[in-house]
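Engineer: sequence below, structure please.
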Amino acid sequence: AYWRAIVISLTADIVEKFYTFLWPLTRISAALMTAPLFASEAGNARLRIMLALTLSFMVYPLLEWPRLNPLSPDGLLALLDQIATGIVMGLSLQIVVAALVIAGQAISSTMGLSMANLMDPTLGSVPVLSQFMLIMGSLVFLDFGGHLMLIGSLIDSFTLLPVGKSLFAVEGSGRMLAWSSMMFLGGVLIALPVMASLLLVNIGVGIMTRAAPSLNIFSVGLPAMLVAGYILIVACIGSMGGRIQWLWDQAFSTLREILGMA
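Structural biologist: Numbering: from 1, shown residues only. Next up is the predicted model:
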């Protein structure tokens, strides 16, 4: 009877620890499933699982976790809140990825390269320049330590938004909706120097074909736009990198605002 009581007590303690361990695990796993770079199909799913477990084990001893049964109505609601919080954290950073895709599409359409597409395993069929922008955005993300900032934001989120507090407050939801418009504004900001310069080139080609109607606009205009577009991309790549880094900084600042408003 003595050993049976010890086994029952030990089993109850293990089950309780497992229930409390679910809170950091679900939020961190949901964030890594949706965050840029970590959610890429090119990554290894086993690596993401191991990273989520490692981060959860690191965070678990730092805070006090509520003792709720995840199978109860209150516990199930809290568990869904953790999943939703992780997804929102990842999606708030994916806005920058969408801005990079839109910038590549805008430049491709202006240059006449919109027909040149690549099949991306995560985003589907995207223009070649959008794929280039995504690679450039990923390098900038790693260069200024975005992966470390994401992990730090995940750890800080349990202090800013503890378990049991819902993310879906009026102020936080409004800030997330306002930030989602940055996918269009950010795409325009990145592509604007090249698009404005190509507009001037296009006007020059139009004036030239107007002055010499015998020139074929397709045989002259399309090569001119392609050559000018490549030259402008090379010339503006430094400023593009600066704007991309600014977008990543704004994404992490907005993420902390959303967590603080909830």
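Engineer: how far out from the middle of the chain is stretch 138-156?
Structural biologist: Relative to its parent chain, stretch 138-156 has a centroid offset of 11 Å by CA atoms, centre = their mean, to the nearest Å.
Engineer: which secondary structure elements does the longest helix seen in the chain sit against?
Structural biologist: Counting by DSSP state H, the longest helix found in the chain is helix 217-261. Packed against helix 217-261 by the contact rule (3 or more CB pairs under 8 Å, 6 or more residues apart in numbering; DSSP states H and E) you find helix 73-111, helix 128-143, helix 146-160, helix 170-180, helix 182-211. Where C-beta positions appear, they are placed from N, C-alpha and C, glycine not excepted.
Engineer: winner for burial among these?
Structural biologist: The highest mean neighbour count among the helices and strands packed on helix 217-261, using mean count of other CB atoms under 10 Å, belongs to helix 73-111: a mean of 21.
Engineer: let me know the angle separating that helix from helix 170-180.
Structural biologist: 20 degrees (axes from the mean of the first three to the mean of the last three CA atoms, to 10 degrees).
Engineer: so which elements touch helix 73-111?
Structural biologist: For helix 73-111, the packing partners by 3+ CB pairs under 8 Å, 6+ apart are helix 2-34, strand 124-127, helix 128-143, helix 146-160, helix 170-180, helix 182-211, helix 217-261.
Engineer: following element in sequence after the first one, please.
Structural biologist: Beyond helix 2-34 on the C-terminal side, the first helix or strand identified by DSSP states H and E is helix 45-59.
Engineer: identify each buried residue in that next one, please.
Structural biologist: Within helix 45-59, the residues that qualify as buried are 48, 51-52, 55-56, 59, counting by 16 or more other CB atoms under 10 Å.
Engineer: quick one: Thr54 and Ser29, what's the gap?
Structural biologist: 12 Å (CB to CB, to the nearest Å).
Engineer: show me what contacts the residue lying closest to Thr254 once chain neighbours are set aside?
Structural biologist: The spatially closest residue to Thr254, leaving aside those adjacent along the chain, is Trp179, at 4.7 Å (CB to CB, 6 or more residues apart in numbering). By CB atoms under 8 Å, 6 or more residues apart in numbering, the contact set of Trp179 is 92, 95, 251, 254, 258.
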